[in-house]
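Engineer: Fold the following and give me the result.
(one chain, ligands or ions: 2)
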Amino acid sequence: MELTFECPGCRMIDHTAEVESAERAVCRHCGAARELKAEAFDAEGSPRACPLCVGGDLYVRKDFSTAVGLAIVITGFAVAAAFWYYGRSSWAYSALAASVLLDAALHRLVPDVVVCYRCAGQLRGPGVNSGRRFRAFDLGTGERIRRERSGASGFPALGASPAAVEPDATADASAA
Ligand SMILES: [Zn+2]
Ligand SMILES: [Zn+2]
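Structural biologist: Residues are numbered from 1 along each chain as shown. Ligands and ions are numbered 1, 2, ... in the order given. Coordinates of the predicted model:
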């Protein structure tokens with residue numbers, strides 16, 4: 001399974017192969033490394049949380065850009081229009097039907113990608129959504145996480161001081 005992530009240091013996109021067994025996600029652009037959490041995977045090696053931020057809020061989508069699907073339909077429409085122009089209406093209908101079928105077939109064939117609401121990390125590979133654990137993007141959840149990230153309910157925003165993170169605060173309290 002492969003993890004694609006945005007580096008919080010340099011904002012570049014990089015990926016880690018075999019993320020189930022990797023200990024750290026290293027950005028090859030700036031060298032920043034982040035620990036990967038093994039507990040994010042269940043006994044079968046399927047993800048149940050994000051290995052980067054351990055957020056349990058993940059959604060699944062097709063690893064298929066909308067642009068590609070749109071291009072197929074537009075091409076089909078253009079071909080159909082050309083057939084129409086030359087008086088071949090049955091060919092025009094066939095071209096339209098073919099483009100719609102091709103689009104539908106691609107949607108069935110393309111694999112799932114599981115995305116973290118919080119850090120936008122993406123997981124790809126067999127078993128990424130085994131048991132259909134994750135659902136499609138939910139606007140409500142997306143909005144809640146966005147508010148949390150902006151600091152409204154205590155979740156440290158990107159770039160916030162590490163002192164604001166919970167574990168440090170409890171460590172200080174027990175030491176005192
Ligand atoms: Zn980086
Ligand atoms: Zn995450």
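Engineer: Pull up the gap between residue 55 and ligand 1, please.
Structural biologist: Using CB to the ion, to the nearest Å, one obtains 20 Å as the distance from residue 55 to ligand 1. All C-beta atoms are positioned from the backbone trio N, CA, C, and that covers glycine.
Engineer: Please apply the same query to residue 57.
Structural biologist: 24 Å.
Engineer: got it, and residue 20?
Structural biologist: 22 Å.
Engineer: Can you check the pLDDT for that residue?
Structural biologist: Predicted confidence (pLDDT) for residue 20: 91.
Engineer: who's in contact with it?
Structural biologist: 1, 41, 45 (CB atoms under 8 Å, 6 or more residues apart in numbering).
Engineer: Selection in PyMOL covering whichever of those are buried, please.
Structural biologist: Selection of buried members from the contacts of residue 20 for PyMOL, criterion 16 or more other CB atoms under 10 Å:
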select buried, resi 1+41
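Engineer: Below-threshold pLDDT in this structure: ranges please.
Structural biologist: Scanning the chain for pLDDT under 70 picks out 152-176.
Engineer: Need the three-state assignment for the residue nearest the centre of it.
Structural biologist: Centrality entry for the chain: nearest residue to the mean C-alpha point is residue 115, 2.7 Å, by CA atoms, centre = their mean. Classification of residue 115 using DSSP: H, G, I helix; E, B strand; the rest coil returns strand.
Engineer: hmm, back to that, go through the contacts of residue 20 and name the one nearest ligand 2.
Structural biologist: Nearest to ligand 2 out of those is residue 41 (CB to the ion; 13.6 Å).
Engineer: beta partners for that closest one?
Structural biologist: residue 47 (DSSP bridges).
Engineer: which residues touch it?
Structural biologist: Contacts of residue 41 (CB under 8 Å, 6+ apart): 20, 47-48, 51.
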